[in-house]
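**Student:** dropping a prediction and its sequence here:
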Amino acid sequence: MPDGGPANVQLSLSLQDLDSGPIGTIPDGLSALLSLATPELAVGPPVDVPLAPADRIATPVLRGRRTIREPRPGRRRGPAATLLPLILAVQACLSLRLVWSNTAFTDEALYLRSGHLEIEHWLFGTPIPAFPTYFSGAPVIYPPLGALADSIGGLAGARILSLVFMLAASALLWATASRLCGWRAAFFATALFAVLGPAIRLGAFATYDAMSLCLVALAAWCAVRASEHRRASGWLAGAALALALANAAKYAAILFDPVVIGMLVLLATRVGTWRQAVGRGLTLAGYTVGILLFMLTLGGGEYLTGIEQTTLARVSSTTSASLVFGTAWQLTAIVVVTSLLGAVLVLFDRKPMALRLLFALLAGAALLVPLEQARIHTLTSLNKHVAFGAWFAAIVAGYAFDVVIRWARYRIFQWTLTAVCLALLAPAAYVGETQAREMFATWPNSTALATRLGQILPGTSGPILDDNNRAVPEYYVPSEGDEWYRWSSNSSLRLPNGKSLSVPVSETLDPSVYAARLRSGYFSVVILGFSSAAGFDHQILPALDANRHYRLVASIPYGGHDTQVWEYKPQSRFQAESFGPRVSRTATPLGSVLTPPARLKPILGTITDVVAATGIAILLFTIIVRLAWRRGKASHEI
């Protein structure tokens, strides 16, 4: 050793040196499970990222102007290659058990049927209903994808597509948590989320919730990756695009935009000042708003109406706030409790203040949906929406498991705590599977109803009134579903001139309007379910009895009630009348698709166009400049 001071000693240990010891070679799967208790002994390839997790920043070897990593003598699969597929397999099995357990829910039938109509509109210019005015998500994003899966594998195919989205969300949860807290925390975070009841349910539910959650998870992962680079325009653009698509697929997902932006700001302090971190957050917000404005410009005023009615000004219900919080607690209690524990434990750990604030933000994300739905006093879709907040809170929950195991001083205690934590996953999986199965039993099996309506409806030709469940027969009787202009419900009445009388979402038209038309014999078929719209059904039933031309042709058991099907006799009365939409004979399919929708106001449309075009131009210019600069710099270094 020289006299000038202590020498810099570099210790190099290869995989061959480890395998040559007395322990011998351990199979990958067993090694991954054993290393849950002692992850510092796990052997795996180093993560090839510019920055390590926030609490374990390593110093790479510097040579000249480039960062060179030591060559790896051999590759060995890390824990993610063994444990992550195991978690995903369990999640897939739990969801697949529900795929064939029940017929289509009303929302599933509505979105899949609208997807088929959208595709027909794109290909042939077929007129379609004004879906954007009452859908809580853009009908041109998920519904066509679900319809394609439905065409390939039926309802099961569409539900399996949702399972793919949920598996991707779980994989992104592992990728995000492992970068923030290490892979042991990622294991418990992903395992907790995978066995959660709402997550299992969404994996077998053919709606846009699973797709939107997957895109939110992708945006969060891109935000974490962006925080690891001093120049991260590409990651910011990817996060903005994923976040904008998630918001468009499901409007309620915008509730979690501040969480993703907050993650970026708090994590970006590792590579810059607070001012620079806030600038990155504003950049992500600006990119997202610009993309959304561009989409809204393409969609037109109908989308503004739908966003207002289904999300911004949704009609309040009468459910008490205590019932909303109680239901959310039953569905997400294990994640909420463990995440709050993690948010407290991080205060006693040697973490930067930004990371402590980040964990508080992620844990609080689980409360956003219950607070919002308690504000409008509704339980509608609560069992789906809580999965969004649980995804973020699971990261902190995984950290709590990791800290509890890591605080044990002796290895025997670490093994014991690991076994206890693993054992807790079994009852959590049982509770989650039970809850998901109960959710799938909340609507009746429609096999008998669809079969009987498939025998009755093809022989009719006039308007059809279905009190509150028209999407299910439209989906299961495609020949009648294609004639969507024949169908009316208790919230939308189709008129002979092609227009409709409609009310905001969750409201009902005046029953006297329907009674007057029943007395005149306007509807050729009337379907009354006497379930969620029982009050409406009983008010129009006297008008049916008063018209001698309406005859009760079927009484079908459905959901604990008998669904009555009334038919007007004779049906020949409706054959000479036209109830279809008024379409110009000179319109071509391509022209129908390319014709822009009407705007609310010319001035608003012009302003939106300018703002959207400016945002897109700035986004493209930034991406091109950044990529060109990086490529030029890399070529000079090489």
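**Tutor:** In hand now; what should we look at?
**Student:** could you use CA atoms for every contact and neighbour count after this?
**Tutor:** OK.
**Student:** now do A390, the pLDDT please.
**Tutor:** The model reports A390 with a pLDDT of 96.
**Student:** ok now do the residue nearest to it when sequence neighbours are not counted, which residues does it touch?
**Tutor:** Once flanking residues are discounted, A390 sits nearest to A366: 5.3 Å by C-alpha to C-alpha, 6 or more residues apart in numbering. The neighbours of A366, taking C-alpha atoms under 8 Å, 6 or more residues apart in numbering as the test, are 336, 386, 388-390, 392-393.
**Student:** let's have those residues in TSV, adding secondary structure and distance to L145.
**Tutor:** TSV is the format used below for these (DSSP: H, G, I helix; E, B strand; the rest coil; distance: C-alpha to C-alpha, whole Å):
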residue	secondary structure	distance to L145
V336	helix	33
V386	helix	24
F388	helix	21
G389	helix	25
A390	helix	25
F392	helix	26
A393	helix	29
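**Student:** between those residues, which is nearest E372?
**Tutor:** Here the nearest of the contacts of A366 to E372, counting by C-alpha to C-alpha, is V386; it sits at 10.8 Å.
**Student:** tell me which element the closest residue to the closest one other than its chain neighbours is part of?
**Tutor:** Leaving aside its chain neighbours, V386 sits nearest to V369 (6.0 Å; criterion: C-alpha to C-alpha, 6+ apart). Take DSSP states H and E as the rule and V369 turns out to sit in helix 368-375.
**Student:** helices or strands up against that helix?
**Tutor:** If contacts are counted by 3 or more C-alpha pairs under 8 Å, 6 or more residues apart in numbering; DSSP states H and E, helix 368-375 sits against helix 321-345, helix 382-406.
**Student:** next, the angle helix 368-375 makes with the last one.
**Tutor:** Going back to what we said before, that points to helix 382-406. On the basis of axes from the mean of the first three to the mean of the last three C-alpha atoms, to 10 degrees, helix 382-406 is oriented at 140 degrees to helix 368-375.
**Student:** and the angle from the next helix or strand after helix 382-406 to helix 321-345?
**Tutor:** As assigned by DSSP H and E, the chain's next helix or strand after helix 382-406 is helix 411-439. Using the same axes, to 10 degrees, the interaxial angle of helix 411-439 with respect to helix 321-345 works out to 160 degrees.
**Student:** okay, buried residues for the following helix or strand past helix 411-439 please.
**Tutor:** Where DSSP H and E defines the elements, the next helix or strand beyond helix 411-439 is helix 447-456. Judged by neighbour count (16 or more other C-alpha atoms under 10 Å), helix 447-456 contains these buried residues: 449-450, 453-454.
**Student:** could you list every helix and strand that the helix or strand following helix 447-456 packs against?
**Tutor:** With elements assigned by DSSP H and E, the helix or strand that comes after helix 447-456 is strand 464-466. Judged by 3+ C-alpha pairs under 8 Å, 6+ apart, the packing partners of strand 464-466 are strand 487-488, strand 525-528.
**Student:** save the ones you listed as TSV, and put in mean pLDDT too.
**Tutor:** Below are the helices and strands packed on strand 464-466 laid out as TSV (pLDDT from 0 to 100):
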stretch	mean pLDDT
strand 487-488	90
strand 525-528	92
